[in-house]
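In: Predicted structure and sequence below. I'll ask about it afterward.
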Amino acid sequence: MKIIYHGHACLEAQLDDGTVLLVDPWITGNPQTDLTLDVKCDYILVTHGHQDHSGDMVEVSRRNQAPIIGMPELVHYAESQGAVEGHPMNLGGKWAFPFGEIKMMHAQHSSSLVINGLPVYMGDACGFMLTIDGKSVYFAGDTSNFGDMALFGKGFDVELAVLPIGGNFTMGPEEAASAAKRLNAKHVLPIHYNTFPTIKQDPEQFAKLLPAGVVEIAQPGDTVTV
């Protein structure tokens, strides 16, 4: 499996069977991304409704006929705007898709989308645990560090944890390092930093908080192989 970083919190998972998953597709207006709206994918995973995660979910779904996997409120809203029929899930739920299993994980964050100048509730924020052949990749979404991550680490063999480190809106570097230890993650891909002044961080300093070789610092377009 290959995880490709596309800037901010947008990621692509290229699976060994040829399936392509796109996570948190914010492309239009994303100053970091290397993607265009012509990106190809089979499924779209959206952790929450904020514009910098859900921004292009409807257009990418429509162009690819790709179902959106996410909270019911978010999926139903996307469908009402032209996305194809999605796959709603909720916290703690899991589903065996043709490509592998996804479990929807708890996240500590808010979730809304500004429509006509007002924030509209999009269900709870979440993370996703993708498991294929016993190996798991954890897409935490936007979240703080919380104690139940230790349970995630006991229940899954986390090969790669994709964690926000920007602070202000999510956990910062120190909290993310603690989360990585709770998860017992073999590797960590830091995301959600340096897009705006309020989330400016140095990933090299974050890497020093964990054992050598654990942190995979990526630039947009870079690939991490799991």
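Out: Sure thing, it's come through.
In: for the chain, which helix is longest?
Out: helix 173-183 (DSSP state H).
In: Can you tell me what sits against that helix?
Out: 138, 140, 144-145, 147, 149-150, 152-153, 158, 161, 163-165, 167, 171, 188, 190, 201, 205-206, 209-210, 214 (Cβ atoms under 8 Å, 6 or more residues apart in numbering). The C-beta positions use only the backbone N, C-alpha and C, and glycine is treated the same way.
In: got it, and stretch 95-107?
Out: Under Cβ under 8 Å, 6+ apart, the answer for stretch 95-107 is 15, 17, 19, 21, 42-43, 45, 47-48, 69, 87, 89-94, 124-133, 138, 140-143, 146, 148, 152.
In: And stretch 219-226, by the same measure?
Out: So stretch 219-226 is contacted by 1-7, 32-34, 135, 137, 159-160, 187, 189, 216, 218 (Cβ under 8 Å, 6+ apart).
In: same thing but 7 Å
Out: Here stretch 219-226 makes contact (Cβ atoms under 7 Å, 6 or more residues apart in numbering) with 1-7, 32-34, 135, 137, 159-160, 189, 216, 218.
In: Over to stretch 20-29?
Out: With Cβ under 7 Å, 6+ apart as the criterion, stretch 20-29 contacts 8-14, 33, 35-37, 39-47, 51-53, 55-57, 60, 139.
In: Out of these, which end up buried?
Out: 8-14, 33, 35, 39, 41-47, 52-53, 55-57, 60, 139 (16 or more other Cβ atoms under 10 Å).
In: So which of those belong to helices?
Out: Checked against DSSP H, the buried ones among the contacts of stretch 20-29 include these in helices: 52-53, 57, 60.
In: would TSV of the residues you listed with pLDDT and distance to residue 110 be doable?
Out: TSV is the format used below for these (pLDDT from 0 to 100; distance: Cβ to Cβ, whole Å):
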residue	pLDDT	distance to residue 110
52	98	13
53	99	12
57	99	18
60	99	23
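In: Kind regards, and thank you for your time.
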